[in-house]
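Chemist: For reference, the sequence and a predicted model appear below.
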Amino acid sequence: MLQQIYPQVPHSYQYELNKDMQIAAAHYIPTVSAGKCRQVHGHTYFINVTVAGNELDDSGFLVNFQILKKLLHDKYDHTVLNDHKEVFSDEDSNHFPTTEVVARKMWETIEQHLQTLPNSPTCLQIFVRETPTSYCIYRPKRDCSKNE
Ligand SMILES: Nc1nc2c(c(=O)[nH]1)N=C([C@H](O)[C@H](O)COP(=O)(O)OP(=O)(O)OP(=O)(O)O)CN2
Ligand SMILES: [Zn+2]
């Protein structure tokens with residue numbers, strides 16, 4: 001499963017890395033319109049993080065794969081996503097732990113870290129598979145003035 005090929009992001013960066021990880025987590029979507037998904041239930045999320053850039057760091061890394069895993073897997077594995085109140089909210093649909101929002105929040109976490117790195121990599125895409133039949137991709141809006 002973790003050897004899946006993911007949808008590609010067209011870009012002109014010289015380096016692109018991808019990190020896969022699995023996160024076992026529970027969640028619920030706190031609205032009647034979510035139907036059965038309003039009940040607490042669990043998934044094994046399959047996550048793929050795509051990072052790109054033109055410069056490597058002193059270790060020859062674009063970004064350390066282990067840091068990417070730490071930022072997402074170590075934070076969310078075997079937790080209830082809704083319990084992360086600093087990330088998700090039961091009050092505002094833009095912050096419910098839907099596949100779409102999970103992907104966006106993960107992108108924000110990764111990109112925030114990447115912006116602290118001197119070699120300036122960037123996160124092009126976060127792929128989140130929630131079930132065998134459901135996945136979402138979050139990509140930031142592109143700044144056409146940048147050399148991407
Ligand atoms: N756009 C979204 N739709 C749904 C989300 C979501 O996050 N974004 N989430 C759910 C549920 O949480 C559920 O976990 C996933 O739903 P679904 O794909 O329907 O899962 P099934 O395993 O039942 O899918 P089948 O293909 O019917 O087996 C619902 N919708
Ligand atoms: Zn679900």
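Modeler: Received the coordinates, thanks. Ligands and ions are numbered 1, 2, ... in the order given.
Chemist: how close does the residue nearest the centre of the chain get to ligand 1?
Modeler: For the chain, the residue nearest the mean C-alpha position is residue 106 (3.5 Å; Cα atoms, centre = their mean). For residue 106, the distance to ligand 1 (Cβ to the nearest ligand atom, to the nearest Å) stands at 13 Å. C-beta coordinates here come from the backbone N, C-alpha and C atoms, glycine included.
Chemist: need the contact list for that residue.
Modeler: 47, 49, 72, 126, 128, 138 (Cβ atoms under 8 Å, 6 or more residues apart in numbering).
Chemist: Where does the fourth one sit, in terms of helix or strand?
Modeler: Read that as residue 126. When elements are defined using DSSP states H and E, residue 126 is found to belong to strand 122-131.
Chemist: quick one: strands adjacent to that strand?
Modeler: Partners of strand 122-131 in the sheet, by DSSP bridges, are strand 41-53 (antiparallel), strand 134-138 (antiparallel).
Chemist: Does ligand 1 have contacts with the last one?
Modeler: Yes - under the criterion of Cβ under 6 Å from any ligand atom, strand 134-138 makes contact with ligand 1 via residue 134.
Chemist: now, which of the contacts of residue 106 sits nearest residue 117?
Modeler: Ranking the contacts of residue 106 by separation from residue 117, with Cβ to Cβ as the measure, puts residue 49 on top at 14.4 Å.
Chemist: Not counting sequence-adjacent ones, nearest residue to the closest one?
Modeler: With sequence-adjacent residues excluded and distances taken as Cβ to Cβ, 6 or more residues apart in numbering, residue 49 is closest to residue 19, at 4.6 Å.
Chemist: host element of the one you found?
Modeler: Assigning secondary structure by DSSP H and E places residue 19 in strand 15-27.
Chemist: touching ligand 1 at all, that strand?
Modeler: No - residues of strand 15-27 are not located near ligand 1 by Cβ under 6 Å from any ligand atom, the shortest gap being 6.9 Å.
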